[in-house]
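> just to be clear, the model below is a prediction. Sequence and coordinates:
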Amino acid sequence: MDDSLIDILIFAPLAPICGVLLFWFIQLLFIESQKYLLSKIKHRHEALCRFTNFLGIFFQTLCHALGYTVTGSGIAEFYLSVDYGKVSPRKKKTGFFEWFSNGFLFLGPFFIPPLLLLLCLIFLMNNGLGFIPQHGYSFSQELIDFGANLYLFSNSFLGFLVSMDLFHPGHIGFLILFLFLGLGIRPSYIRDERREERIDMLYDLRNIKNHLLHRPLYVLLFFIASYIFFYISFFFKLNWYTAFFSLLGRLSIIAIISLLVTHLLLILIRITDKIEGVIRLVPYITMIPSYVSLRVLFLLLPIPYATTFALIGMCIITGVAAILILRRQTNKFKTSSMMDSLYLEEGDADG
């Protein structure tokens, strides 16, 4: 059998799957990094940490409920609290349906919440939502087409984010959902002495591994179905297979960028926590007037990409304000310490 045919029949279907797993793993690393940042601000912002945990539990419980709905089990009980969520099916099903429903619990939170944002982007983004034509069906070409689809979307998505109009109600609503996703894509529970287990990246991976190995036959059926789907796309010269896994990759891109943005927010909180007194609120207060002032300025002096420059200007002004206030307080503290030491030295000399 020709090497190229072996590549197409055996290795090529694995390329988009490997791409999705790579982005999903990067997403897990960002989640773990965010949990670390939350642990550093918990002593002063416990309410925020509990809120992010509630968001994570909400997304997790909602995904589990969706799993029961899709499998026709129905929902008999839906319970949600700050650190616990539970869904009970109306009709208990076993076998594949039970395994599939639990898959929504363990894997759903990584993909379903970003899917809600992707549906919003259909009405907000003008381009970047389509898929490129298929250029080949080898392993390397599948990987290239997968990457090209993600680049097409990422370029448009980032362009949309940096040009958001905060005077637009739809953009404001999307921004709120975007931040909620970044803060609550997984429960951010900080370990407590009363709990024996710690919810972290290893905890997630262990649960997913146990879920998959519990029914290895279903995992095998997934790969068989994937290969059949690829062969159909190959036979009819379609891009359906690559487009499907590119869609999963786009969901990871949305999640990763939302996590990155919330990282910046948490870093700002850590910086302002070092500022003493009410003055630490000044950087947050400057956000609205600085953005409004820049938008008014660009209305009077029209320039291209006015909304982009207004957003960038607001972020720069906020960051500079926080750094200047922190630097001023630090310098005052150093000056005060130096003066105290001088007074002590003079006192010793007098004595």
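In hand now; what should we look at?
> which stretches of the stretch 251-351 of the chain aren't confidently modelled?
For the stretch 251-351 of the chain, the stretches with pLDDT under 70 are 331-351.
> now the chain
For the chain (pLDDT under 70), the answer is 1-3, 188-200, 331-351.
> so which residue is smack in the middle of it?
In the chain, the residue lying closest to the centroid (C-alpha atoms, centre = their mean) is Ala255, at 2.9 Å.
> residue contacts, the closest residue to it other than its chain neighbours?
Excluding the flanking residues, the one nearest Ala255 by C-beta to C-beta, 6 or more residues apart in numbering is Pro114, at 4.7 Å. Backbone N, C-alpha and C define where each C-beta goes, glycine included. Counting by C-beta atoms under 8 Å, 6 or more residues apart in numbering, Pro114 makes contact with Leu181, Leu251, Ser252, Ile254, Ala255, Ser258.
> mind listing what the residue nearest to the centre of the chain touches?
Here Ala255 is in contact with Gln27, Phe30, Phe110, Pro113, Pro114, Leu181, Gly182, Ile185 (C-beta under 8 Å, 6+ apart).
> what do you get if the cut-off is 7 Å, keeping everything else the same?
Going by C-beta atoms under 7 Å, 6 or more residues apart in numbering, Ala255 touches Gln27, Phe110, Pro114, Leu181, Ile185.
> next one: Leu251
So Leu251 contacts Phe111, Pro114, Leu115, Leu118 (C-beta under 7 Å, 6+ apart).
> please flag which of those residues sit within strands.
Among the contacts of Leu251, none falls in strands (DSSP state E).
> just the buried ones from the residues you listed?
Buried members of these, scored by 16 or more other C-beta atoms under 10 Å, are Phe111, Pro114, Leu118.
> and which of the residues you listed is nearest to Glu142?
Glu142 has its nearest neighbour among the buried ones among the contacts of Leu251 in Phe111, at 20.6 Å by C-beta to C-beta.
> ok so, going back, what about the residue nearest to Ala255, distance to Leu105?
17 Å (C-beta to C-beta, to the nearest Å).
> nearest to Met287 among the buried ones among the contacts of Leu251?
Using C-beta to C-beta, Pro114 is the member of the buried ones among the contacts of Leu251 that sits closest to Met287, with 25.6 Å.
> so Cys120 touches Phe174, yeah?
Yes: look at Cys120 against Phe174 with C-beta atoms under 7 Å: they come within range, at 5.4 Å.
> compare the two (neighbour count), which wins?
Phe174 (20 against 15; other C-beta atoms under 10 Å).
> what sits against the more buried one?
Cys120, Leu124.
> can I get the helix or strand containing it in CSV? Just the C-alpha atoms.
Element membership for Phe174 (DSSP states H and E) is helix 169-184. Extracted in CSV, the C-alpha atoms of helix 169-184 (Å, rounded to 0.1, in the frame of the first residue of the first chain):
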residue,chain,number,x,y,z
PRO,A,169,-25.8,47.2,24.5
GLY,A,170,-25.0,44.0,22.7
HIS,A,171,-21.3,44.5,23.2
ILE,A,172,-21.7,45.3,26.8
GLY,A,173,-23.8,42.2,27.3
PHE,A,174,-21.2,40.1,25.5
LEU,A,175,-18.4,41.6,27.6
ILE,A,176,-20.2,40.7,30.8
LEU,A,177,-20.7,37.1,29.6
PHE,A,178,-17.1,37.0,28.4
LEU,A,179,-15.8,37.9,31.9
PHE,A,180,-18.2,35.5,33.6
LEU,A,181,-16.9,32.7,31.4
GLY,A,182,-13.3,33.6,32.2
LEU,A,183,-13.9,33.8,35.9
GLY,A,184,-16.1,30.7,36.2
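> quick one: buried residues of it?
His171, Phe174, Phe178, Phe180, Leu181, Gly182, Leu183, Gly184.
> can you redo these as TSV with distance to Val278?
Listed next are those as TSV, based on distance: C-beta to C-beta, whole Å:
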residue	distance to Val278
His171	31
Phe174	32
Phe178	29
Phe180	27
Leu181	31
Gly182	27
Leu183	25
Gly184	29
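> quick one: Gly128 and Leu161 touch, right?
No: under the criterion of C-beta under 7 Å, Gly128 makes no contact with Leu161, lying 11.7 Å away.
> which members of the contacts of Pro114 are the farthest-apart pair?
Leu181 and Ser252 (12.1 Å).
> and Ala76, that one's in a strand?
Yes: Ala76 sits within a strand when classified using DSSP: H, G, I helix; E, B strand; the rest coil.
> so it makes contact with Pro89?
Yes: counting by C-beta under 7 Å, Ala76 does reach Pro89; the two are 6.3 Å apart.
> more neighbours, those two?
Taking other C-beta under 10 Å, Ala76 and Pro89 do not tie; Pro89 has more neighbours (21 against 12).
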